[in-house]
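> kindly return the folded structure for what I paste below:
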Amino acid sequence: MNYLLENQETNRLLFRKLTPSDFENWLPYHHDTEAIEFYNAGKAPEEACKKWFEEQFLRYEQQSGGLLILVDKKSKAIIGQCGLEPDANDPHKVVLRYALLPKFRDKGYAEEALQHCIKTAFDTMKIKSLFAYVSPSDQEREDIFSELSMEWEDTDIVNHTIVNIFKIKK
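Got it, this is the predicted structure:
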């Protein structure tokens, strides 16, 4: 199933596919040591950003979902990415993911985008549950998922990283 939420909108945000021309706008995310603590895995920011883009383009090509660029409708600024995708190890699990550029955090964008993803997943796609993987050291992200009524389910190793697993059911 394709979990892509392309061309969806919220009050402040537009969801659109990532394009190669977004690379320079997204590169600052990979310079943020807190955000990419586990993702970059020792790679230079440019290399990690390139890998990020390749992964998203592959998901688009496979029609399995993926992260979409979040554009602020008023300023037209790229503020982050958000979306749904199948779990790499269990395609029956759907994972909710987001990433915001540093200057757009703590403004309610994450909650707005994630709420839209959850509502669309449950109401339109008829998905029964969603998962989120969070580093145990990322209290801010855990708080956001908790505020969205996601509950801690387990701690496990995902892609060689210890994560807390959050879940929400319809």
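> tell me where the model's unsure across the protein.
35-41 (pLDDT under 70).
> go again using 90 as the cut-off
1-2, 31-45, 48, 88-92, 135, 137-138, 140, 157-162 (pLDDT under 90).
> output the contacting helices and strands for the one helix or strand Leu67 maps to.
Using DSSP states H and E, Leu67 sits in strand 66-72. Under the contact definition 3 or more Cβ pairs under 8 Å, 6 or more residues apart in numbering; DSSP states H and E, strand 66-72 sits against strand 13-16, helix 45-62, strand 78-86, strand 94-100, helix 109-123. Placement of C-beta: from N, CA and C, glycine included.
> single out the most deeply packed of these.
Using mean count of other Cβ atoms under 10 Å, the stretch among the helices and strands packed on strand 66-72 with the largest mean neighbour count is strand 78-86, at a mean of 23.
> can I get that one as PDB, trimmed to CA atoms?
The C-alpha trace of strand 78-86 is given here as PDB (Å, rounded to 0.1, in the frame of the first residue of the first chain):
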ATOM      1  CA  ILE A  78      10.400  24.500   3.800                       C
ATOM      2  CA  ILE A  79      10.100  23.700   7.500                       C
ATOM      3  CA  GLY A  80      10.600  20.000   7.700                       C
ATOM      4  CA  GLN A  81       9.400  16.600   6.500                       C
ATOM      5  CA  CYS A  82       6.700  14.200   7.800                       C
ATOM      6  CA  GLY A  83       5.000  11.100   6.600                       C
ATOM      7  CA  LEU A  84       4.100   7.400   6.900                       C
ATOM      8  CA  GLU A  85       6.100   4.400   5.700                       C
ATOM      9  CA  PRO A  86       6.100   0.700   6.200                       C
END
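> ok now it, how far from the chain's centre?
4 Å (Cα atoms, centre = their mean, to the nearest Å).
> do stretch 136-144 as well
14 Å.
> same question, stretch 22-37
So, by Cα atoms, centre = their mean, the centroid of stretch 22-37 is 13 Å from its chain's centroid.
> please begin residue numbering at 416 from this point
From this message on, residue numbering opens at 416, which makes the last subject stretch 437-452.
> identify the bridge partners of Leu485.
Phe430, Gly495 (DSSP bridges).
> dump the residue contacts of it.
Leu428, Leu429, Phe430, Ile493, Ile494, Gly495, Gln496, Cys497, Leu515, Tyr524, Ala528 (Cβ atoms under 8 Å, 6 or more residues apart in numbering).
> quick one: it and Cys497, what's the gap?
6 Å (Cβ to Cβ, to the nearest Å).
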